[in-house]
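>>> Pasting a predicted model and its sequence here:
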Amino acid sequence: MSSDSLAAFRRGLSTDLQKLADEHLQHDLQESDRNALISAGSQISTYASIGSLLGLGLGAALAFRIRSNRLKLFDAFRTTQRPTHVKFADGREEAIPDIAPLLQPTRFGDIATYTFFGIAGLFLGGETGLLTGGVAARRTISRDPHTKARIERAFRGFKADVLRKEIEALEGAGDAPIW
């Protein structure tokens, strides 16, 4: 398993693809188009960051509520009267074990609750922020139809060049890595 299979460890494009993308950015686009792309990229980043923070806060708030409700439920269970013995039809009596200590909330449970709710909130908020940031970025780029057309044309040219390089790599090299 390579390190590129996890998103957190990806380095981005290979150096060849990065050079190719920079060429298309410099030659196919005007300065206003590059500024629109930079603005759209920063919008995505901002929305994802804000979404991640909101999700983390929501996860912590939900974990706090779960923890406090668990404590209330345990206190209610502990204070209620429970039977201590069971009497069978033949007259025999058996003691019922007290399971209250086994149901008591633990520090490990609290740590697990905060950890899992925090991670889930971070993921949910980050992905929601990424989606809303993508919509905002698309709106930014689509604001001017001429800019949008130039960016789409430059992207199609970049994609065609990438596919040409991939075809060359597949036809030329046997088992060598493509990128």
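Sure thing, it's come through.

>>> Confirm that Pro97 sits in a helix.
No: assigned with DSSP: H, G, I helix; E, B strand; the rest coil, Pro97 falls outside any helix and is coil.

>>> quick one: the strands in this structure?
Ranges of strands in the chain, per DSSP state E, are 85-87, 93-95.

>>> and Val135, which of those is closest to it?
Between Val135 and those, the shortest gap by Cβ to Cβ is with strand 85-87, which sits at 62.3 Å. For the C-beta atoms, the positions are set from N, CA and C on the backbone; glycine is no exception.

>>> before we move on, the earlier item: ok, which of the strands of the chain comes nearest Thr147?
Ranking those by distance to Thr147, with Cβ to Cβ as the measure, places strand 85-87 first at 79.3 Å.

>>> quick one: strands adjacent to that closest one?
Here strand 85-87 has these sheet partners by DSSP bridges: strand 93-95 (antiparallel).

>>> Just give me the residue right at the centre of the chain.
Computing the C-alpha centroid of the chain and ranking residues by Cα atoms, centre = their mean puts Phe123 first, at 3.4 Å.

>>> Just put the strands of the chain in JSON lines and tack on distance to Gly133 and mean pLDDT.
Converted to JSON lines, those look like this (distance: least, Cβ to Cβ, whole Å; pLDDT from 0 to 100):
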{"stretch": "strand 85-87", "distance to Gly133": "61", "mean pLDDT": "88"}
{"stretch": "strand 93-95", "distance to Gly133": "62", "mean pLDDT": "89"}
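
>>> TSV for these, including mean neighbour count?
Formatted as TSV, those follow (neighbours: other Cβ atoms under 10 Å):
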stretch	mean neighbour count
strand 85-87	9
strand 93-95	9
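
>>> Using a markdown table, lay out the ones you listed together with distance to Thr115.
Output for the strands of the chain, formatted as a markdown table (distance: least, Cβ to Cβ, whole Å):
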| stretch | distance to Thr115 |
| --- | --- |
| strand 85-87 | 40 |
| strand 93-95 | 38 |
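
>>> show me the contacts for the nearest residue to Arg34 once chain neighbours are set aside.
Once flanking residues are discounted, Arg34 sits nearest to Leu25: 6.1 Å by Cβ to Cβ, 6 or more residues apart in numbering. By Cβ atoms under 8 Å, 6 or more residues apart in numbering, the contact list for Leu25 reads 34, 37, 154.

>>> Of those, grab the buried ones for PyMOL.
Those of the contacts of Leu25 that count as buried under 16 or more other Cβ atoms under 10 Å are selected in PyMOL with:
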select buried, resi 37+154
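
>>> low pLDDT regions in the protein?
Counting by pLDDT under 70, the chain has low-confidence residues at 1-13, 173-179.
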